[in-house]
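Asks: A structural model of the following input is requested.
(chains A and B)
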There are 2 protein chains.
Amino acid sequence: MKATIINIGDELLIGQVVNTNAANMSQQLIAAGIDVVGVYTIGDQADAIRSTLDNCLNMSEIVLITGGLGPTKDDITKKVLCDFFHSELYENEEALENVKKRLAAYGRELTPINRQQSWVPRCCTMINNILGTAPCMWFEVPGSTPAKVVVSLPGVPFEMVNLMQSEVVPRLQKHFHTDCIINKNLLVQGIGESFLSDLIEPWELALPDTIRLAYLPQPGLTKLRLTARGTDEAALRRQLDAALKTLYPIAGEYIVGEDLETLPELVAQRMCAAGLTLATAESCTGGAVASKLTALAGASDYFLGGVVSYSNAVKESALGVKHETLMAHGAVSEETAREMACGVREHLGADFGVATTGIAGPGGGTPEKPVGTVWIAVASAQRVVTKKLQCPGRRAQVIERTCSELYGLLISQVRG
Amino acid sequence: MKATIINIGDELLIGQVVNTNAANMSQQLIAAGIDVVGVYTIGDQADAIRSTLDNCLNMSEIVLITGGLGPTKDDITKKVLCDFFHSELYENEEALENVKKRLAAYGRELTPINRQQSWVPRCCTMINNILGTAPCMWFEVPGSTPAKVVVSLPGVPFEMVNLMQSEVVPRLQKHFHTDCIINKNLLVQGIGESFLSDLIEPWELALPDTIRLAYLPQPGLTKLRLTARGTDEAALRRQLDAALKTLYPIAGEYIVGEDLETLPELVAQRMCAAGLTLATAESCTGGAVASKLTALAGASDYFLGGVVSYSNAVKESALGVKHETLMAHGAVSEETAREMACGVREHLGADFGVATTGIAGPGGGTPEKPVGTVWIAVASAQRVVTKKLQCPGRRAQVIERTCSELYGLLISQVRG
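Replies: You can find the predicted model right below:
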């Protein structure tokens, strides 16, 4: 079973909005045993929508479309789909009730332009969007058994996510027979992608045809993904287990986590398993270390809090960094990182304190400490470990890399 | 001049990595007067790469490809391109030197697998990737004047960004004649998209053909984008100025910013213009309010720092929230939000203190305070304003929405 995704919106093409919908939809489809073979981002242009839809229907049994369903003139998806399926728009009562309810929740009245939100093509099945005013539309394309399916969803991420989970995916599973797909992720640290590839090549070549390997490098980390695909779930699980059993003797020393997507998940797992608490002190990362950890549900089980000490005064007052240290070594120094980590650990009463201080850029660099120079530190009751980074890239990359390195350093200390 | 983008990588299709490259590349192309007509995400499959490339060359003069250039077996882009252009691979000396240099920087030796990174098709122009080991490749397709161009770039974001800025875009501008495109963004707050659309419809209908309007809704905000396109830059600027002059009398009261992309940019602009400083106190947003502000260069001009008070103990010790307040009203309450905002303002010595406290979910909700219940506060020397939110959606949406609402509340106070 193959699916394609069409994300419609000039804001995506012009690059003003990052397309997070595609990743979310893919994850949900993959988990349901539906293979995503392409994601197409196009503008709010009738010709482009028609030709991409034609193309996608040639490539896949399922076409999911997002966007272009708003009440404004530049949103034309519904009209194009109505023409594509040779249908006509009518006012759907259930959709109208929903539009009224949504507007009432915001204390607003129904306008003619909002009322049009409840119009849908006669040939589609209207799926109510309880979180928004643009209804979801399910089209079946005659000509094959089971019929190919085109679903139009709103582009607002949380509306799309809710509709996919509660309505679209269950309906797709019911409508089609789907292959069983099992993904197994391994987080690998301390070895480069090409060295890892050399190391495990004989093992990879011996994998059964049902299992495919992919390398997903991240800053400071490589994720290996094993994908098993077939009809017999039990057999796939046995094959995956067998493959893992033979991998560990070869590369086990580098495997830091299983079935996790990211380092923050691994931090959470390690801290919770060890029953330890964490506090963060951030300068150049400006809250990113904490926000990535707290983006995960259950962070309060181990994360007590943190201090973003952007100014030197806050480093002194909130973290107890000594004025002399800042004067003698500067804010971006091993000594300051060390005192920040120890300070936040003590002030917040945590088992571990971690710290970042560096020059994220684009300004602030000097010949001795160019942009990308960062010190990180991890403090526990037993010891303080520090590490100097020289991060390549721009501000966002420096922040991203610093977070990854800090999580890695913390994990190594909780492990050790 | 039209461009298409092909992002290659199973990790994108499976949804494990959000495609941020597309947005970044689009922004750079648009700014150079090159129109992006489609973004295609496909897997590491030779057939898909070939057919998508064929399709893209039919639609556009420029095809930019990212990904699939790593040293591992699942990376096949280079081989497919070599076949597509009926060429053969050779070891490029400059690329080899660069690979050696990159490995040396990490203290690693050249392996046969890494050496292959320096092989490129004979028919392409090799563009050195000074931040990584995978070279960039520039192909010219015979048959039209000027020749259509296909460029293969590495998928690692900071390598791609650097190559686009320093090499690819300048070369494209030189190779092709490009249209002039001017974008003008307006941030609009306090009016829904459909009401705004009603309000400005007559104005929109009177816009000249050279100017196009798009609505880009974000949580708590609508961004209006005016795009002027043509050959005469001066004339386009005059038309844009004239369009704005007639818009302000109609909708000026809702326009909070010009030429800004996001609310954090507007916060920075307002705080700096007013010469004011800011401190943040975050519970449910866990550092996201601070990290979005500090993601922008120059944040230290107004942002002093913040406290992530995830646990109640930290709310008391680091922010001075009264124990009785937490006992009587709970952590998620107007009183706690107020004391957090005032506390961080005083403790960090800032002009403004802002605070968030709420239930981001998925756990922690009660009938009285369901998931999505959030209190935000903005404190200055003059007053404290608070607002209760009921955020729809899941954890990430609650955090996102809370940040937007808090920035909005802060902006309204700095404005007023």
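Asks: How about the stretch 301-416 of chain A: which residue is closest to chain B?
Replies: Per Cβ to the nearest Cβ, residue A:393 is where the stretch 301-416 of chain A lies closest to chain B, at 3.3 Å. Quick note: C-beta positions are derived from backbone N, CA and C, even for glycine.
Asks: which residues sit in contact with the nearest residue to that residue once chain neighbours are set aside?
Replies: Using Cβ to Cβ, 6 or more residues apart in numbering or on different chains and skipping residues adjacent in sequence, the residue nearest residue A:393 is residue B:158, 3.3 Å away. If you count contacts by Cβ atoms under 8 Å, 6 or more residues apart in numbering or on different chains, residue B:158 has them with A:392-394, A:397, B:131.
Asks: Double-check that the residue of the stretch 301-416 of chain A closest to chain B belongs to a helix.
Replies: No: read with DSSP: H, G, I helix; E, B strand; the rest coil, residue A:393 is coil and lies in no helix.
Asks: beta partners of residue A:257?
Replies: Beta bridges link residue A:257 to residue A:187 when assigned by DSSP bridges.
Asks: Roughly how far does it sit from residue B:146?
Replies: 50 Å (Cβ to Cβ, to the nearest Å).
Asks: re the thing from before, the contacts of residue B:158 into JSON lines, with extra columns for pLDDT, distance to residue A:207 and neighbour count?
Replies: Below are the contacts of residue B:158 laid out as JSON lines (pLDDT from 0 to 100; distance: Cβ to Cβ, whole Å; neighbours: other Cβ atoms under 10 Å in any protein chain shown):
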{"residue": "A:392", "pLDDT": "75", "distance to residue A:207": "34", "neighbour count": "19"}
{"residue": "A:393", "pLDDT": "72", "distance to residue A:207": "34", "neighbour count": "21"}
{"residue": "A:394", "pLDDT": "78", "distance to residue A:207": "38", "neighbour count": "19"}
{"residue": "A:397", "pLDDT": "83", "distance to residue A:207": "34", "neighbour count": "22"}
{"residue": "B:131", "pLDDT": "88", "distance to residue A:207": "33", "neighbour count": "18"}
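Asks: Among the residues you listed, which one sits closest to residue B:61?
Replies: Distance to residue B:61 across the contacts of residue B:158 (Cβ to Cβ) is lowest for residue B:131, with 27.4 Å.
Asks: Can you give me the distance of the closest one to residue B:156?
Replies: On the measure of Cβ to Cβ, residue B:131 and residue B:156 end up 8 Å apart.
Asks: Are stretch A:235-250 and chain B in contact anywhere?
Replies: No: Stretch A:235-250 lies out of reach of chain B by Cβ under 8 Å from any Cβ of the partner chain, never closer than 15.4 Å.
Asks: Over to stretch A:88-101?
Replies: No: judged by Cβ under 8 Å from any Cβ, stretch A:88-101 stays clear of chain B, getting no closer than 10.2 Å.
Asks: One more: stretch A:300-315?
Replies: Yes: using Cβ under 8 Å from any Cβ, stretch A:300-315 comes into contact with chain B via A:300, A:303-311, A:313-314.
Asks: re the thing from before, confirm that the residue nearest to residue A:393 sits in a strand.
Replies: No: Residue B:158: not assigned to a strand; according to three-state DSSP it is helix.
Asks: Strands of the stretch 151-300 of chain A, residue ranges please.
Replies: Here the stretch 151-300 of chain A has its strands, by DSSP state E, counting those that start in this stretch, at A:180-188, A:211-218, A:221-230, A:255-258, A:278-282.
Asks: The first one relative to strand A:211-218, how many degrees between them?
Replies: Comparing the axes of strand A:180-188 and strand A:211-218 via axes from the mean of the first three to the mean of the last three Cα atoms, to 10 degrees yields an angle of 40 degrees.
Asks: Next, the angle strand A:221-230 makes with strand A:180-188.
Replies: 160 degrees.
Asks: Going by neighbour count, which residues in strand A:180-188 are buried?
Replies: A:181-188 (16 or more other Cβ atoms under 10 Å in any protein chain shown).
Asks: Let's test this: mean pLDDT of that strand, rounded?
Replies: What strand A:180-188 shows for mean pLDDT is 87.
Asks: Give me the contacts around it.
Replies: A:30-31, A:33, A:35, A:196, A:221-233, A:236-237, A:240, A:244, A:247, A:251, A:254-261, A:263, A:266, B:14.
Asks: out of these, which are buried?
Replies: A:30, A:33, A:35, A:196, A:221-230, A:236, A:240, A:247, A:251, A:254-257, A:260-261, A:263, A:266, B:14.
Asks: How about the residues of the stretch 101-250 of chain A by chain B?
Replies: Counting by Cβ under 8 Å from any Cβ, the stretch 101-250 of chain A sits next to chain B at A:106, A:108, A:111, A:113-114, A:131, A:156-158, A:161-162, A:183, A:192-195, A:197-198, A:204, A:213-217, A:223, A:225, A:227.
Asks: If any of these are buried, put those into a ChimeraX selection.
Replies: Listed next is the ChimeraX selection for buried residues among these, using 16+ other Cβ under 10 Å:
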select /A:113,114,131,156,157,158,161,162,183,192,193,194,195,197,198,204,213,214,215,216,217,223,225,227
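Asks: separation between the residue of the stretch 51-200 of chain A found nearest chain B and residue B:391?
Replies: Residue nearest to chain B within the stretch 51-200 of chain A (Cβ to the nearest Cβ): residue A:158, separated by 3.4 Å. From residue A:158 across to residue B:391, the span is 9 Å (Cβ to Cβ).
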